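**Q** Quick one: sequence plus predicted model below, questions after.
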Amino acid sequence: MARYEFRLPDIGEGLAEAEVAKWLVSVGDRVREDQPVVEMMTDKASVELPSPGAGVVLERFAEEGDVVKTGAVLYVLETEATIGGAAAEPRAPASSQRPAEAAVAPEASGVLAPPAVRKLAREMGIDLAAVKGSGPGGRISTDDLKRHGSKGAPHSTQGGRRIPLRGVQKRMAETMALSARTIPHVTGFHELDAGAFADLAARLRREAEGEGRRFPFDTLLVRAAAIALRSHPIFNSSLDEERGEIVMHDDVNIGVATATPSGLIVPVVRKADGMDLSALAAAVDRVTSAAREGRASVADLQGGTFTISNTGAWRGGFGTSLIKPPEVAIVAFGMIEQQAAVREGKVVARPVMPMSVTFDHRIIDGEEGLKFALTLRGLIEDPHQLGE
Amino acid sequence: MVAGDQSDPADVLIIGGGPAGYVAALRAAQLGRAVTLVERGRIGGVCLNEGCIPSKRLARFAAVKASAEKQVPAGMPVFSTAPDMAAFQQSRARAISTLVKGVSSLLEAAGVKVIAGSARFVGRTRVCVEIAEERVRYFDFKDVVIASGCQPDGMKGLPFDGERVVEPGRALEWDFLPDSLLVAGGDYIAVEIAVAYARLGSRVSLAAAGDRLLPDFDPDLSAAAHRGARAEGVEVFLSSDAAAMAEKAERVVVSAGGRPNLEHLDLQTIGMSPPAGPFTVDPQLRLDRHVFAIGDITAGLALAHRAMMQGRIVGDVLGGKAAAFDARAIPRAVFAEPEIAAVGMTEAEAHAQGIEVSVGKFPMAALGRAVLESATAGFAKLIFAKEGGALVGAHLAGPRATELVAEMALAVEMGATAEDIALTVHAHPTFAESLMEAAEVSLGRPIHIRPKR
């Protein structure tokens, strides 16, 4: 018998932490080698971690919803054979096996919190042991409690059904709050004549399907964005606030906002500017399908430099969007609809596509925003470049 | 009358009208519960009628005599006279009566129904109260709070006889001064009674079984109490057999702790067996879903202020609040010479829990106020956790120590650090400065004593 501590491996590119989405086994369960033990949620992908060997689960060191640092012990397995060639380590004191957050205050004084704070914690249904105190020696204040409470305390005295904020939803909450808090957003609305564009998209789809390939509608929008970004590189940048620098990205990695059963996910088409049209269509199809089916890899979800959002399928019109930090812009497209337009002095019906260009006004000004929109307009209203 | 006949509904029934029970009644009533309180003796319980209150009256009476005789500033004439114990006892009875009436009127104003009688359980949700011989009443309760308190325990070889060998409460009612008095015991009650009667003029022997007085206090406080008692003329015997010394004394007071008043309650009826010692309760002070226990029958310090806080908490719980009894600092006050007070952990208790501490001790002899009042016995000893720096215990001996401990209790509850206390301005010249100074000592930078070399 040997004791094996399963530590959270790096499941993304240098990922520092991941959230326990779901335990697939209980303490005391016997597991086979490669049997999935726990589902971890990283950034926006979920990953099942298989058991490295056969054995019995002795202890679990995190609850569902806990964020665990890479390298921290997730669970302990009692195995028949030694795993990974290394002899089983002697059992370390319990304290050193726990994730860092679990450090316990001295038993006698318990958690350092004044009586009024302890009372409030009871009323809010918060376990003080889980609250980080900001005062000297970790003393917990009412403000600390409120901060903790707003992070989504599991229960309170308020009525109604309560759903813990986890996984994709939690990421969305955090990312969007950060975006709204830090980025001064400016959005410009533009009506595009999308007649030729719609024709092109329909033709390309027919051709592709004739060859047994798929051709997502978003392919042409990604391509338009990729071309426009090359001539407006500031839209393909990030702001490094700490160093006061603008980072101009070499690669054009375009995220495609995708609705999935578990929530909004933005899979990324890497180097979208360097692919021919059929490769691009395949890439868009692959990442969005993977996201919808909940099997996107961590790599699929990281490294985006710009985002597009197509709301046409839901008859969307104009809309303001929130930029996904650390990106600096996002473009949203609405549904193409016949509208009255004036052409050469006559009112005619034309297919019109609403386009909303949102940018970070800290580093992009109104003129640049308009010029970028103009470039996109040119590419879409006269789409010959897109189809090449 | 057969159980099951006429009964009165009692939303909340409280058994015992001492500091735990009456406070619980007032708070539960405040929060809208209909409360019935059953008390077999007098409202206020032991504390008000035969404990804290009369003992402090006696201590004060004795201290006035002591200060008139011994602590008189130079230039002030000294007088000495035998105290009139009968007059004292009349005034004591009046004072207690005033306080009992005060509590009773609060209960009345709160709409609490007070029933004089002895309660016992006759069903899962029913008690029978014997009001007088042959006269009983039944109450059906939703929630019941047991706050029946303790009664003094006797000592082996020294049974109470109601006359010569008595419990502490009786010794507070003497309208005479015994020539010789043996106090059997070494706890705070024994020390208080010994010092008071010695000051009043009795020849007092204090016979403790243990190797120090106040055995559950910091050893430095035990030593201070010992020195102080001797200075007041008390002859102190440690590791002694009081029973063997009792014969020669005119009167004997036995202070040997208490045992819970539970036998008469018929707890088996509600599916509970009386524990061997005190009850262990959860933070909501529950024994069972609708059964609560508070006061001296629960495990912990048998002190009125703890009982009163438990009463408030149980009242909150009964009123539907998210309350819990989680006090970390329960002060203890000994009204002897010098006054002794403590809150939180001793050094030894901290060590036992694996808490590394830094200690600051400041002698009264270095304090201006103490010198000008010729009251230099005593010290302030503060214990801080090394990690985080929070105060975990305070041990005080000296004038007003029983008042100063309140600041220390607040400091423990607030998690105040040595810096917090050291940087809080304390009025000069007061005894409270000793606390600030002791905090400075713990930080290694005392102003008014020389640093250790």
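**A** Good, I have the coordinates. Numbers count the residues shown, from 1 in each chain, chains lettered A, B, ... in the order given.
**Q** Give the residue spans of the stretch 1-150 of chain A that score low on pLDDT.
**A** For the stretch 1-150 of chain A, the stretches with pLDDT under 70 are A:1, A:11-15, A:43-44, A:80-110.
**Q** hey, where'd the strands end up in it?
**A** Counting by DSSP state E, counting those that start in this stretch, one finds strands in the stretch 1-150 of chain A at the ranges A:2-7, A:17-23, A:30-31, A:36-42, A:45-50, A:55-60, A:67-69, A:73-79.
**Q** got those as CSV, with distance to chain B columns?
**A** (Each C-beta comes from the backbone N, C-alpha and C, glycine too.) What follows is those, written out as CSV (distance: least, CB to the nearest CB, whole Å):
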stretch, distance to chain B
strand A:2-7, 25
strand A:17-23, 26
strand A:30-31, 37
strand A:36-42, 32
strand A:45-50, 36
strand A:55-60, 23
strand A:67-69, 23
strand A:73-79, 24
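**Q** can you tell me the residue of chain A closest to chain B?
**A** residue A:137 (2.6 Å; CB to the nearest CB).
**Q** I'd say that residue and residue A:112 touch.
**A** Yes: under the criterion of CB atoms under 8 Å, residue A:137 makes contact with residue A:112 at 5.8 Å.
**Q** what is in contact with the two at once?
**A** Among the neighbours of residue A:137, those also in contact with residue A:112 (CB atoms under 8 Å, 6 or more residues apart in numbering or on different chains) are B:388, B:390, B:415.
**Q** can you give me phi and psi for the second one?
**A** Backbone torsions of residue B:390, given as degrees, to the nearest 10, read phi -70, psi 150.
**Q** For residue 26, which non-adjacent residue is spatially closest?
**A** In the absence of a named chain, this looks at chain A. Counting by CB to CB, 6 or more residues apart in numbering or on different chains, the nearest residue to residue A:26 once its immediate chain neighbours are dropped is residue A:57, at 7.0 Å.
**Q** if you could check chain B rather than the one you did, that'd help
**A** residue B:110 (5.3 Å).
**Q** what's the burial count for the one you found?
**A** By the criterion of other CB atoms under 10 Å in any protein chain shown, residue B:110 has 15 neighbours.
**Q** Report pLDDT for it.
**A** As predicted, residue B:110 sits at a pLDDT of 97.
**Q** wait, does stretch B:403-421 make contact with chain A?
**A** Yes: with CB under 8 Å from any CB of the partner chain as the criterion, chain A is reached by stretch B:403-421 at B:413-415, B:417, B:419-420.
**Q** By neighbour count, which of those residues wins?
**A** Going by other CB under 10 Å, residue B:415 tops these with 27 neighbours.
**Q** For the stretch 251-400 of chain B, just list every one of the helices.
**A** B:304-318, B:347-352, B:368-372 (DSSP state H, counting those that start in this stretch).
**Q** Now do the residue lying closest to residue A:58 once chain neighbours are set aside against residue A:55, distance only.
**A** Residue nearest to residue A:58 in three dimensions, not counting chain neighbours: residue A:76, with 4.5 Å by CB to CB, 6+ apart. Counting by CB to CB, to the nearest Å, the gap from residue A:76 to residue A:55 is 9 Å.
**Q** Next: residue B:262.
**A** 52 Å.
**Q** any chance you could read off phi and psi for residue B:406?
**A** According to degrees, to the nearest 10, residue B:406 has phi -60, psi -40.
**Q** how does the chain divide into domains?
**A** Answering for chain A, as no chain was given. What the record gives for chain A is the domain set A:2-100, A:115-164, A:171-385, from automatic domain parsing.
**Q** wait, I meant chain B there
**A** With automatic domain parsing as the reference, chain B has domains B:8-69+B:72-152+B:259-318, B:165-254, B:338-442.
**Q** Alright, calling it a day.
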